[in-house]
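1. sequence? don't have it. structure:
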Ligand SMILES: NC(=O)c1ncn([C@@H]2O[C@H](COP(=O)(O)O)[C@@H](O)[C@H]2O)c1NC=O
């Protein structure tokens, strides 16, 4: 079968990003390609001493309106859009004395970068490329006759194709698909800015009338949540790199479940101001702790549930020290993620062949997050730990004696750590470390029982619930849950309050001499 190569004899070059342009145009010229180009690009080519036809000489119309009109002319677009498989198109070009282009090289004005620089609306608008996308889309549409290149990364391919007799049809299709991604991403950026910055399409709700996103596949994963499910990782074309853009320093390829658990681990650990470590299994914490340093925090998070920590995903909110790395290396661990690693720490961890070591700095705080549902998606503000009731100074003492500073610090820790467990969540804590976590139960009393059971059964006979404090991610609907905690020896409880039966819970605590605070804030996590 013919490869349908179209020899590259005439090229239209109009690029904002002039990276690699010199090598490209020199190569094209050496291969005998005629160059046609717009203002700045033509100037660069001329400066190299190479022959170039300026677009305005081709159109007989000056580039005008500060560059708003350059290539928007039938003499340019007919040369791009003629379907040369059709005799009628070829004949019309001849009648109109329009020469066809075999190659279009174009990339667009830097709209996103201009917005990011804090430029004024007028300056941003000026960076909305009009002629560029028109050429790119026209050439991509007409890929049976024209090759379109939008990235300097493709220039080597252009030169190779030029000497090989042109791009094949398959290559031109591929380039056309890339070109439409280029313009689609560009339009998403423009439309998002227009709906969110230039205007408020949300009408004050904070949720835009339209939401667009572009996603680039960055890895095909071995499988999905289960081995019979295919899966891939996509990176957002906009916004911070996040976990999808994390650097992997060592270990096997990340799996689908690794990504889910690592995201949960970061959410749990990065919440704290002091050094903190979270160990995650199946998207739930089996240990969260703070400490004087990450090694201490890790040791205490691990001690919460050493059985479950086997095969866990660990996140630290500070660079991992050698000491912490040594501790981690003693336990089978799937993934460790941190904003960095102190000298020597990675080497220690690398002693474990399979552990995946990730560096990941930014955790998105604030803003909105989305979750797919069939036929659409939900959008909500992120549950940042900044609600009024998250600060212990805003809590209401519902019953009992005001907590000592130490107990209050433990309650504050428990309240913060609790929100990283799936609802219904109950977290018992002592000295800045979780000692028992009950999560994901369909009623709160079972979460209380689970938290107590975990606290008391894992540490060989010790009753860690006794003397611990407890946090509940949402209010207790009945006094049965608190009673389980009270019976286990919990000394203080923090919860949102707000149930119609709060009085029953207050009475149970009062009778047992247990302190209870209301936060007025809820932190469900589903
Ligand atoms: N207005 C037009 O007709 C037009 N034609 C091409 N451009 C853009 O002008 C830029 C290249 O300009 P120059 O070669 O002058 O540096 C490219 O980013 C290209 O996408 C145009 N600019 C904006 O719309």
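-> Right, received. Where do you want to start? Every value quoted in this text rests on a predicted model; they were computed, and no experiment measured them.

2. rest of the way, CA atoms for contacts and neighbours
-> Fine.

3. Can you pull out the low-pLDDT segments for the stretch 351-500 of the chain?
-> 387, 459-461 (pLDDT under 70).

4. I'd say residue 16 and residue 109 touch.
-> Yes. In this structure, residue 16 is within contact of residue 109 by CA atoms under 8 Å, at 5.7 Å.

5. Comparing these two, which residue is more hemmed in?
-> residue 109 (20 against 14; other CA atoms under 10 Å).

6. Might you report the residue contacts of the more buried one?
-> 16, 127-129 (CA atoms under 8 Å, 6 or more residues apart in numbering).

7. same question, residue 165
-> 5-8 are the contacts of residue 165 under CA under 8 Å, 6+ apart.

8. one more time with 10 Å, if that's ok
-> 4-9 (CA atoms under 10 Å, 6 or more residues apart in numbering).

9. Can you convert those residues into a markdown table and add a column each for neighbour count, secondary structure and pLDDT?
-> Converted to a markdown table, those look like this (neighbours: other CA atoms under 10 Å; DSSP: H, G, I helix; E, B strand; the rest coil; pLDDT from 0 to 100):
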| residue | neighbour count | secondary structure | pLDDT |
| --- | --- | --- | --- |
| 4 | 16 | coil | 93 |
| 5 | 19 | coil | 95 |
| 6 | 21 | strand | 94 |
| 7 | 18 | coil | 96 |
| 8 | 25 | coil | 97 |
| 9 | 19 | coil | 97 |
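
10. Would you mind giving those as TSV with distance to residue 377 added?
-> TSV is the format used below for the contacts of residue 165 (distance: CA to CA, whole Å):
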residue	distance to residue 377
4	43
5	44
6	44
7	47
8	46
9	48
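
11. got the residues of this structure near the ligand?
-> Residues of the chain found near the ligand (CA under 6 Å from any ligand atom) are 14-16, 38-41, 67-72, 106-109, 129-132.

12. So which of those are in helices?
-> Mapping the residues of the chain next to the ligand onto helices (DSSP state H) picks out 39-41, 131-132.

13. Pull out the buried members of those.
-> 41, 131-132 (16 or more other CA atoms under 10 Å).

14. got the contact list for the most centrally placed residue in the chain?
-> Residue closest to the average C-alpha location in the chain (CA atoms, centre = their mean): residue 242, at 4.3 Å. By CA under 10 Å, 6+ apart, the residues touching residue 242 are 235-236, 263, 360-364.

15. So, low pLDDT: which residues of this protein?
-> In the chain (pLDDT under 70), the answer is 1-2, 239, 387, 459-461.

16. Quick check: phi and psi at residue 280.
-> phi -120, psi 140 (degrees, to the nearest 10).

17. Repeat that for residue 196.
-> phi -110, psi -30.

18. first to last residue in stretch 160-174, what's the distance?
-> 16 Å (CA to CA, to the nearest Å).

19. Give me the buried positions along that stretch.
-> 161-162, 166-169, 171-173.

20. circling back: from the contacts of residue 109, which land in strands?
-> Counting by DSSP state E, no part of the contacts of residue 109 is found in strands.

21. Put together TSV for those residues, with distance to residue 309 on each row.
-> Below are those laid out as TSV (distance: CA to CA, whole Å):
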residue	distance to residue 309
16	52
127	52
128	52
129	53
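
22. And the residues you listed, which of them are buried?
-> Looks like the contacts of residue 109 have 127-129 buried, using 16+ other CA under 10 Å.

23. Can you tell me which of those residues is closest to the ligand?
-> Checking the buried ones among the contacts of residue 109 against the ligand with CA to the nearest ligand atom, the nearest one is residue 129 at 4.0 Å.

24. quick one: that closest one from residue 97, how far?
-> Distance from residue 129 to residue 97, by CA to CA: 28 Å.

25. Out of the contacts of residue 165, which two sit at the greatest distance?
-> Using CA to CA, the contacts of residue 165 span at most 15.3 Å, a distance reached by 4 and 9.

26. dump the residue contacts of residue 512.
-> Residue 512 touches 400, 483, 486-487, 489-491, 506, counting by CA under 10 Å, 6+ apart.

27. Thank you kindly, that will do.
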